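here is a sequence with its predicted model. Questions after.
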Amino acid sequence: MLRKTVLFSFLLLLPLGIISCNCSKDISKTPKLAEPNKIPPGYAEIIGEIVEIEPITKMSDKNDPCSKAPCMAKVKIESASYGAGFPTLNKNDNVIIKFNFTLMPSSKDMFPNMDEFYPGLKVGDKFKALTGFVNKIGNDQPEYFVYGYSKN
């Protein structure tokens, strides 16, 4: 009886073993997936061109850098790579972006505790930046922002 059980188990498991061996060969032939996107969720890496710089707006907080230097610019999108959940930006779209460290060259006067400094951007300059966005209640368009950038 024990021999019949062992023989029956062997005959039952043998085809499963053969099938699983064939399946692993098929899986090894499938192409590998690309590395996961390194852009964090809620952000996009863009290459853009400054089209227009908006004037300095009066801020209630006099220590806000945007009360001393322009921070808002209309940017023409040249290319974008996305993290999960970022709204699509099409090539040649013009969007308003807030540059939180201003569009002026950064300085120790304006940012005394900052180690990294930016050269400033003017109309016609091209740059690469990690861009974030927020959706505000009552506003149907996302508001885009940039902290750091590199000039192209």
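Nice, I can see it.

what is the burial count for Lys108?
9 (other C-beta atoms under 10 Å). In this view, the C-beta of every residue, glycine as well, is placed from N, C-alpha and C.

also the one 5 residues further on?
Burial of Asn113 is recorded as 5 neighbouring residues (other C-beta under 10 Å).

swap in the one 3 residues further on?
By the measure other C-beta under 10 Å, the count of residues near Glu116 is 9.

what about it, distance to Tyr43?
18 Å (C-beta to C-beta, to the nearest Å).

can you check Val134 too?
12 Å.

same check on Ile50?
Ile50 is 20 Å from Tyr43, by C-beta to C-beta.

then Asn92?
Counting by C-beta to C-beta, the gap from Asn92 to Tyr43 is 21 Å.

what about the two, which has more around it?
The neighbour count for Asn92 versus Tyr43, taken as other C-beta under 10 Å, is higher for Tyr43 (18 against 9).

which residues does the residue nearest to the more buried one when sequence neighbours are not counted contact?
Distances taken as C-beta to C-beta, 6 or more residues apart in numbering place Gly83 nearest to Tyr43, at 4.7 Å, with adjacent residues excluded. Taking C-beta atoms under 8 Å, 6 or more residues apart in numbering, we find Gly83 in contact with 37, 39-44.

so among these, which ones count as buried?
Among those, those scoring as buried are 39, 43-44 (criterion: 16 or more other C-beta atoms under 10 Å).

would you mind giving these as CSV with secondary structure added?
Putting these into CSV (DSSP: H, G, I helix; E, B strand; the rest coil) gives the following:
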residue, secondary structure
Ile39, coil
Tyr43, strand
Ala44, strand
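
what's the lowest-pLDDT member of these?
For those, the weakest pLDDT value sits at Ile39, with 91.

that residue contacts Leu130, doesn't it?
Yes - at 7.4 Å, Ile39 counts as touching Leu130 under the criterion of C-beta atoms under 8 Å.
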